[in-house]
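Chemist: structure for the following, please:
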Amino acid sequence: MIGMGSEPGGDRTSAVRALEAAFLLDGDGRRLAGATEIWLVRHGACYDGTADPTLDDPPLSPRGREQAQRLAARLKRIGFEAVYSSPLRRALETARTITPEVRVDERLVEVGIEVRDGRLAVVEPTDQVQGRMRAAVDAAIERHPGQRIVVVAHALAILSYITEVMHLNLGDLRLLPYYTSVSVVRALGERRMVGSLADVAHLEADIP
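Modeler: Okay, here's the model as predicted:
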């Protein structure tokens, strides 16, 4: 049980450090030694500006390209080991803004959806989406143990993976990852811990 109190004579610092380690964090808030850090990134904007909204696989819009450049500058500052991407154009263009050396994984595509009466309807079973996303991320973790890796994918596919890690149903997490948002998962052995959700700090800061 996690609580704010402690037993008389207990070592609160040790207890807090043990709790942090359970969530794969060290004493400075960084990933625990040996843990892999996965940045799950939604692609940049693609349905505005000059992009054709009728395309099934649209390119990034001008705004999407700027978002991708801001993300790339952020990642350049902190460093990363590898970038994986969905094969869809909007994801690939985002990934290639970060680095030309992109590893494409078909399993990272967006959830199967249809437009019905102006609304998006999911047609791919959630367990199928989670299975392929889990397999893709696990394969990347196995190749880069203890490193930071970037996975560029799509909103619903990312949410499906995150909710599985958090032991939630997909509809329980009232969140839509914005374009180029970053959700962090830390991994060590069989453990998976969510570190942040839909972070867009690079879009809010001035371009360096």
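
Chemist: in which helix or strand would I find the closest residue to Leu156 other than its chain neighbours?
Modeler: Distances taken as C-beta to C-beta, 6 or more residues apart in numbering place Val111 nearest to Leu156, at 4.0 Å, with adjacent residues excluded. (C-beta placed from N, C-alpha, C; glycine too.) Assigned by DSSP states H and E, Val111 belongs to no helix or strand.

Chemist: number of residues surrounding Asp11?
Modeler: Using other C-beta atoms under 10 Å, Asp11 is surrounded by 11 other residues.

Chemist: contacting residues for it?
Modeler: By C-beta atoms under 8 Å, 6 or more residues apart in numbering, the contact set of Asp11 is empty.

Chemist: roughly how far apart are the nearest residue to Glu110 once chain neighbours are set aside and Leu120?
Modeler: Leaving aside its chain neighbours, Glu110 sits nearest to His154 (3.6 Å; criterion: C-beta to C-beta, 6+ apart). Using C-beta to C-beta, to the nearest Å, one gets 12 Å for the distance from His154 to Leu120.

Chemist: now tell me what touches the top strand by length along the chain from outside.
Modeler: In the chain, assigned by DSSP state E, the strand with the most residues is strand 191-199. For strand 191-199, contacts defined as C-beta under 8 Å, 6+ apart pick out 23-25, 31, 37, 162, 165-166, 175-178, 181-187.

Chemist: quick one on the thing from earlier: His154 and Leu120: who's more crowded?
Modeler: His154 (21 against 11).

Chemist: could you check how far the more buried one is from Arg42?
Modeler: His154 is 6 Å from Arg42, by C-beta to C-beta.

Chemist: next: Val185.
Modeler: 14 Å.

Chemist: out of those two, which sits in the busier spot?
Modeler: The residue with more neighbours, out of Val185 and Arg42, is Arg42; 29 against 23, by other C-beta under 10 Å.

Chemist: and the spatially most central residue of the chain, what are its phi and psi?
Modeler: For the chain, the residue nearest the mean C-alpha position is Leu40 (1.5 Å; C-alpha atoms, centre = their mean). Note on Leu40: backbone dihedrals following degrees, to the nearest 10 are phi -90, psi 110.

Chemist: got the residue ranges for the strands in this structure?
Modeler: Going by DSSP E, the chain shows strands at 36-42, 82-85, 102-104, 113-116, 119-122, 148-153, 182-188, 191-199.

Chemist: and of those, who's closest to Met133?
Modeler: Nearest to Met133 among those is strand 148-153; the distance by C-beta to C-beta comes to 7.6 Å.

Chemist: the closest one pairs with which strands, and in what direction?
Modeler: strand 36-42 (parallel), strand 82-85 (parallel) (DSSP bridges).

Chemist: by how many degrees do the longest one and strand 191-199 diverge?
Modeler: When you say that, I think you mean strand 36-42. On the basis of axes from the mean of the first three to the mean of the last three C-alpha atoms, to 10 degrees, strand 36-42 is oriented at 40 degrees to strand 191-199.

Chemist: distance of Arg63 relative to Gln69?
Modeler: Distance from Arg63 to Gln69, by C-beta to C-beta: 11 Å.

Chemist: for the closest residue to Val185 other than its chain neighbours, grab the count of nearby residues.
Modeler: If you skip the residues right next to it in sequence, Val185 has Ile38 as its closest partner in space, 4.7 Å away by C-beta to C-beta, 6+ apart. By other C-beta under 10 Å, the residues close to Ile38 number 26.
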